[in-house]
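>>> give me the fold of what follows.
(one chain, ligands or ions: 1)
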Amino acid sequence: MDQQAIDKTSLPKHIAIIMDGNGRWAKERGQDRIYGHHEGVLSVREIVNVAGEIGIKYLTLYAFSTENWNRPKEEVAALMELLVATIRKEADELNKNNVRLHVIGDFAALPEVCQKEMNEAMGITANNTGLNLILALSYSAKWEILNAVKQISQNVQIGKLQPTDITDEIFHQYLSTHAFPDPELMIRTSGENRISNFLLYQLAYSELYFTATHWPDFRKKQFLQAILDYQQRERRFGMISEQIQTPQSENAKNQ
Ligand code: FPP
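Numbering: from 1, shown residues only. So this is what the prediction gives:
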(Lines give C-alpha, C1' and ligand atoms only; values in the text may rest on other atoms or scores of the structure.)
Protein backbone atom coordinates (compact mmCIF):
# COMPACT_ATOMS: atom_id res chain seq x y z
CA MET A 1 0.00 0.00 0.00
CA ASP A 2 1.48 3.32 -0.97
CA GLN A 3 0.24 6.88 -0.94
CA GLN A 4 -0.85 6.72 -4.61
CA ALA A 5 -3.79 4.49 -3.62
CA ILE A 6 -5.28 7.37 -1.61
CA ASP A 7 -7.59 9.89 -3.29
CA LYS A 8 -6.09 13.22 -2.19
CA THR A 9 -9.28 15.06 -3.15
CA SER A 10 -11.44 13.29 -0.57
CA LEU A 11 -9.20 13.05 2.46
CA PRO A 12 -10.74 13.30 5.90
CA LYS A 13 -9.77 16.70 7.30
CA HIS A 14 -9.65 15.34 10.84
CA ILE A 15 -8.64 11.86 11.98
CA ALA A 16 -8.89 10.86 15.64
CA ILE A 17 -7.12 7.80 17.00
CA ILE A 18 -7.46 5.67 20.12
CA MET A 19 -3.96 4.22 20.34
CA ASP A 20 -4.64 0.93 22.11
CA GLY A 21 -2.68 -2.27 22.69
CA ASN A 22 0.78 -1.15 23.79
CA GLY A 23 0.56 -3.32 26.91
CA ARG A 24 -0.61 -6.45 25.11
CA TRP A 25 1.96 -5.96 22.34
CA ALA A 26 4.73 -5.90 24.98
CA LYS A 27 3.33 -8.86 26.90
CA GLU A 28 3.23 -10.97 23.74
CA ARG A 29 6.96 -10.33 23.50
CA GLY A 30 7.67 -11.14 27.14
CA GLN A 31 8.38 -7.48 27.90
CA ASP A 32 6.87 -5.09 30.41
CA ARG A 33 4.10 -2.67 29.49
CA ILE A 34 6.38 0.37 29.48
CA TYR A 35 8.37 -1.19 26.66
CA GLY A 36 5.13 -1.25 24.66
CA HIS A 37 4.57 2.45 25.29
CA HIS A 38 8.10 3.22 24.09
CA GLU A 39 7.44 1.30 20.87
CA GLY A 40 4.11 3.12 20.63
CA VAL A 41 5.97 6.41 20.40
CA LEU A 42 7.62 5.17 17.19
CA SER A 43 4.17 4.64 15.71
CA VAL A 44 3.12 8.13 16.84
CA ARG A 45 6.15 9.55 15.05
CA GLU A 46 5.45 7.67 11.82
CA ILE A 47 1.70 8.43 11.77
CA VAL A 48 2.30 12.15 12.45
CA ASN A 49 4.80 12.26 9.56
CA VAL A 50 2.54 10.45 7.10
CA ALA A 51 -0.52 12.46 8.10
CA GLY A 52 1.40 15.69 7.47
CA GLU A 53 2.83 14.42 4.18
CA ILE A 54 -0.49 13.44 2.66
CA GLY A 55 -2.23 16.64 3.77
CA ILE A 56 -4.39 15.69 6.76
CA LYS A 57 -5.16 18.96 8.59
CA TYR A 58 -6.07 17.65 12.08
CA LEU A 59 -4.89 14.54 13.91
CA THR A 60 -6.13 13.89 17.45
CA LEU A 61 -4.35 11.23 19.48
CA TYR A 62 -5.82 9.84 22.70
CA ALA A 63 -2.56 9.66 24.64
CA PHE A 64 -3.86 9.62 28.24
CA SER A 65 -7.43 9.37 29.48
CA THR A 66 -8.88 10.59 32.77
CA GLU A 67 -9.31 6.90 33.64
CA ASN A 68 -5.63 6.18 32.95
CA TRP A 69 -4.78 7.96 36.25
CA ASN A 70 -6.07 4.78 37.93
CA ARG A 71 -3.28 2.62 36.47
CA PRO A 72 -0.42 1.48 38.73
CA LYS A 73 1.50 4.59 39.77
CA GLU A 74 4.75 3.32 38.17
CA GLU A 75 3.00 3.09 34.80
CA VAL A 76 1.42 6.55 35.16
CA ALA A 77 4.81 8.02 36.06
CA ALA A 78 6.49 6.24 33.14
CA LEU A 79 3.83 7.48 30.70
CA MET A 80 4.20 11.08 31.91
CA GLU A 81 7.99 10.85 31.64
CA LEU A 82 7.68 9.40 28.16
CA LEU A 83 5.37 12.20 27.09
CA VAL A 84 7.72 14.86 28.43
CA ALA A 85 10.81 13.23 26.90
CA THR A 86 9.08 12.70 23.54
CA ILE A 87 7.82 16.26 23.24
CA ARG A 88 11.19 17.64 24.36
CA LYS A 89 12.96 15.51 21.74
CA GLU A 90 10.47 16.05 18.91
CA ALA A 91 9.46 19.71 19.27
CA ASP A 92 12.06 20.96 16.77
CA GLU A 93 11.19 18.23 14.30
CA LEU A 94 7.47 19.04 14.60
CA ASN A 95 8.31 22.68 14.00
CA LYS A 96 10.47 21.86 10.97
CA ASN A 97 7.58 19.85 9.52
CA ASN A 98 5.17 22.80 9.97
CA VAL A 99 3.15 20.85 12.59
CA ARG A 100 1.21 22.86 15.19
CA LEU A 101 0.78 21.18 18.58
CA HIS A 102 -2.38 21.50 20.70
CA VAL A 103 -3.45 19.80 23.92
CA ILE A 104 -7.02 19.04 25.00
CA GLY A 105 -8.04 17.70 28.41
CA ASP A 106 -7.67 18.64 32.05
CA PHE A 107 -4.34 20.43 31.58
CA ALA A 108 -4.09 21.48 35.25
CA ALA A 109 -4.16 17.80 36.32
CA LEU A 110 -0.88 17.10 34.48
CA PRO A 111 2.44 17.20 36.38
CA GLU A 112 4.00 20.66 36.25
CA VAL A 113 6.96 19.50 34.17
CA CYS A 114 4.55 18.07 31.61
CA GLN A 115 2.53 21.31 31.48
CA LYS A 116 5.75 23.28 31.01
CA GLU A 117 7.03 21.06 28.20
CA MET A 118 3.68 21.11 26.40
CA ASN A 119 3.38 24.90 26.77
CA GLU A 120 6.86 25.35 25.31
CA ALA A 121 6.19 23.08 22.36
CA MET A 122 2.80 24.73 21.72
CA GLY A 123 4.56 28.11 21.79
CA ILE A 124 7.32 27.04 19.39
CA THR A 125 4.83 25.60 16.90
CA ALA A 126 2.08 28.23 17.31
CA ASN A 127 2.54 29.82 13.89
CA ASN A 128 2.72 26.60 11.89
CA THR A 129 0.13 26.07 9.20
CA GLY A 130 0.44 22.36 8.30
CA LEU A 131 -0.90 19.48 10.36
CA ASN A 132 -2.59 20.33 13.67
CA LEU A 133 -1.52 17.62 16.11
CA ILE A 134 -3.95 17.50 19.02
CA LEU A 135 -2.91 15.43 22.04
CA ALA A 136 -5.74 14.38 24.32
CA LEU A 137 -4.14 14.30 27.79
CA SER A 138 -6.04 13.65 30.99
CA TYR A 139 -9.01 13.83 28.66
CA SER A 140 -12.44 12.27 28.85
CA ALA A 141 -15.49 13.25 26.86
CA LYS A 142 -17.83 13.15 29.88
CA TRP A 143 -15.48 15.56 31.69
CA GLU A 144 -15.47 17.82 28.64
CA ILE A 145 -19.26 17.77 28.16
CA LEU A 146 -19.94 18.40 31.86
CA ASN A 147 -17.51 21.32 31.78
CA ALA A 148 -19.32 22.77 28.79
CA VAL A 149 -22.68 22.37 30.54
CA LYS A 150 -21.34 24.10 33.68
CA GLN A 151 -19.99 27.06 31.69
CA ILE A 152 -23.17 27.37 29.65
CA SER A 153 -25.29 27.28 32.84
CA GLN A 154 -23.16 30.02 34.39
CA ASN A 155 -23.56 32.17 31.28
CA VAL A 156 -27.32 31.59 31.32
CA GLN A 157 -27.42 32.50 35.01
CA ILE A 158 -25.68 35.85 34.44
CA GLY A 159 -27.83 36.57 31.42
CA LYS A 160 -25.03 36.33 28.87
CA LEU A 161 -26.80 33.49 27.06
CA GLN A 162 -30.47 32.58 26.55
CA PRO A 163 -31.43 28.89 26.76
CA THR A 164 -32.98 29.26 23.28
CA ASP A 165 -29.57 30.39 21.93
CA ILE A 166 -28.00 27.00 22.67
CA THR A 167 -27.59 25.46 19.24
CA ASP A 168 -25.15 22.77 18.14
CA GLU A 169 -22.83 25.55 17.01
CA ILE A 170 -22.93 27.36 20.37
CA PHE A 171 -22.44 24.11 22.28
CA HIS A 172 -19.39 23.39 20.14
CA GLN A 173 -17.81 26.66 21.23
CA TYR A 174 -17.73 25.38 24.81
CA LEU A 175 -15.92 22.14 23.97
CA SER A 176 -12.13 21.85 24.14
CA THR A 177 -12.18 21.12 20.40
CA HIS A 178 -13.95 24.42 19.58
CA ALA A 179 -11.19 25.41 17.14
CA PHE A 180 -11.26 22.13 15.19
CA PRO A 181 -13.79 20.51 12.86
CA ASP A 182 -15.31 17.20 13.99
CA PRO A 183 -13.36 14.09 12.94
CA GLU A 184 -14.65 12.37 9.82
CA LEU A 185 -12.73 9.23 10.77
CA MET A 186 -12.02 7.63 14.15
CA ILE A 187 -9.55 4.75 14.30
CA ARG A 188 -9.13 2.38 17.25
CA THR A 189 -6.37 -0.19 17.29
CA SER A 190 -6.05 -3.49 19.14
CA GLY A 191 -9.40 -5.14 18.57
CA GLU A 192 -11.60 -3.33 21.10
CA ASN A 193 -14.84 -2.04 19.58
CA ARG A 194 -15.49 0.79 22.02
CA ILE A 195 -15.32 4.60 22.13
CA SER A 196 -14.01 4.67 25.73
CA ASN A 197 -15.05 8.22 26.65
CA PHE A 198 -13.33 9.77 23.62
CA LEU A 199 -14.87 12.77 21.78
CA LEU A 200 -18.43 11.53 22.40
CA TYR A 201 -20.06 14.71 21.05
CA GLN A 202 -17.68 15.22 18.13
CA LEU A 203 -17.89 11.63 16.85
CA ALA A 204 -21.66 11.80 16.20
CA TYR A 205 -21.23 11.34 12.44
CA SER A 206 -17.69 9.98 12.24
CA GLU A 207 -16.85 6.82 10.40
CA LEU A 208 -15.47 4.31 12.90
CA TYR A 209 -12.59 2.04 11.92
CA PHE A 210 -11.54 -0.78 14.23
CA THR A 211 -8.49 -2.92 13.60
CA ALA A 212 -6.98 -5.83 15.52
CA THR A 213 -3.46 -4.42 15.00
CA HIS A 214 -1.83 -3.31 18.25
CA TRP A 215 -0.71 0.33 18.28
CA PRO A 216 3.08 -0.37 18.07
CA ASP A 217 2.41 -2.28 14.82
CA PHE A 218 0.14 0.43 13.42
CA ARG A 219 2.35 2.21 10.91
CA LYS A 220 2.13 3.97 7.54
CA LYS A 221 0.68 0.95 5.68
CA GLN A 222 -2.07 0.38 8.26
CA PHE A 223 -2.88 4.11 8.44
CA LEU A 224 -3.26 4.40 4.66
CA GLN A 225 -5.41 1.25 4.70
CA ALA A 226 -7.76 2.92 7.22
CA ILE A 227 -8.03 6.03 5.02
CA LEU A 228 -8.69 3.90 1.95
CA ASP A 229 -11.43 2.03 3.82
CA TYR A 230 -12.96 5.41 4.81
CA GLN A 231 -12.86 6.59 1.19
CA GLN A 232 -14.84 3.55 0.10
CA ARG A 233 -17.70 4.31 2.48
CA GLU A 234 -20.74 6.41 1.69
CA ARG A 235 -21.47 9.09 4.28
CA ARG A 236 -25.19 9.82 4.28
CA PHE A 237 -25.71 12.02 7.38
CA GLY A 238 -29.25 10.68 7.77
CA MET A 239 -30.13 11.20 4.10
CA ILE A 240 -30.69 8.53 1.44
CA SER A 241 -28.14 7.29 -1.05
CA GLU A 242 -29.63 9.12 -4.08
CA GLN A 243 -29.43 12.47 -2.30
CA ILE A 244 -25.74 11.96 -1.66
CA GLN A 245 -24.99 11.01 -5.25
CA THR A 246 -26.93 14.00 -6.63
CA PRO A 247 -24.88 17.22 -6.75
CA GLN A 248 -25.87 19.79 -4.05
CA SER A 249 -27.39 22.18 -6.62
CA GLU A 250 -29.65 19.40 -7.95
CA ASN A 251 -30.76 18.61 -4.38
CA ALA A 252 -31.74 22.23 -3.86
CA LYS A 253 -33.74 22.27 -7.12
CA ASN A 254 -35.53 19.04 -6.22
CA GLN A 255 -36.65 20.22 -2.77
C1 FPP B 1 -2.91 2.22 25.18
O2 FPP B 1 -2.28 1.00 25.32
C3 FPP B 1 -1.97 3.32 25.19
C4 FPP B 1 -1.89 4.29 26.14
C5 FPP B 1 -2.77 4.36 27.33
C6 FPP B 1 -0.90 5.36 26.06
C7 FPP B 1 -0.59 5.87 24.69
C8 FPP B 1 0.71 6.50 24.77
C9 FPP B 1 1.69 6.41 23.83
C10 FPP B 1 1.55 5.73 22.54
C11 FPP B 1 3.00 7.00 24.10
C12 FPP B 1 3.09 8.47 24.28
C13 FPP B 1 2.34 9.27 23.29
C14 FPP B 1 2.76 10.42 22.71
C15 FPP B 1 1.75 11.23 21.98
C16 FPP B 1 4.14 10.90 22.73
P17 FPP B 1 -2.64 0.15 26.60
O18 FPP B 1 -1.61 0.42 27.63
O19 FPP B 1 -4.03 0.44 27.03
O20 FPP B 1 -2.52 -1.30 26.05
P21 FPP B 1 -3.35 -2.60 26.51
O22 FPP B 1 -4.79 -2.30 26.24
O23 FPP B 1 -2.80 -3.68 25.66
O24 FPP B 1 -3.09 -2.79 27.97
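
>>> from here on, just use CA atoms for contacts and neighbour counts.
OK.

>>> now Lys142, nearest residue through space, not along the chain?
Of all residues not flanking Lys142 in the chain, Asn197 sits nearest, at 6.5 Å (Cα to Cα, 6 or more residues apart in numbering).

>>> which residues of the stretch 51-200 of the chain lie near the ligand?
63-64, 83, 86 (Cα under 6 Å from any ligand atom).

>>> burial check on the residue nearest to Ala226 when sequence neighbours are not counted, number of neighbours?
Spatial nearest neighbour of Ala226, excluding adjacent residues (Cα to Cα, 6+ apart): Tyr209 at 6.8 Å. Counted with other Cα atoms under 10 Å, the neighbours of Tyr209 add up to 16.

>>> ok, now the one 4 residues further on?
The burial metric for Thr213, expressed as a neighbour count using other Cα under 10 Å, is 17.

>>> what's near enough to touch it?
189-191 (Cα atoms under 8 Å, 6 or more residues apart in numbering).

>>> secondary structure class for it?
Taking DSSP: H, G, I helix; E, B strand; the rest coil as the rule, one finds Thr213 in the coil state.

>>> sorry, back to before: and for the residue nearest to Lys142, the neighbour number?
Around Asn197 there are 16 residues (other Cα under 10 Å).

>>> kindly report the same for Ala141.
For Ala141, using other Cα under 10 Å, the count is 21.

>>> Ile124 touches Leu94, doesn't it?
No: Ile124 lies out of contact with Leu94 (Cα atoms under 8 Å); the separation is 9.3 Å.

>>> phi, psi of Ile104?
Backbone torsions of Ile104, given as degrees, to the nearest 10, read phi -120, psi 150.

>>> relative to the ligand, how far out is it?
Remark: distance between Ile104 and the ligand (Cα to the nearest ligand atom, to the nearest Å) = 12 Å.

>>> and the spatially closest residue to that residue that is not a sequence neighbour, what element?
Nearest non-adjacent residue to Ile104, counting by Cα to Cα, 6+ apart: Ala136, 4.9 Å away. Using DSSP states H and E, Ala136 falls within strand 132-139.

>>> let's verify the residue of the stretch 51-200 of the chain found nearest the ligand: helix, strand, or coil?
Closest contact between the stretch 51-200 of the chain and the ligand, by Cα to the nearest ligand atom, is at Ala63 (4.3 Å). Secondary structure, three-state DSSP: Ala63 is strand.

>>> that one: what's it in contact with?
Taking Cα under 8 Å, 6+ apart, one finds 18-19, 135-137 in contact with Ala63.
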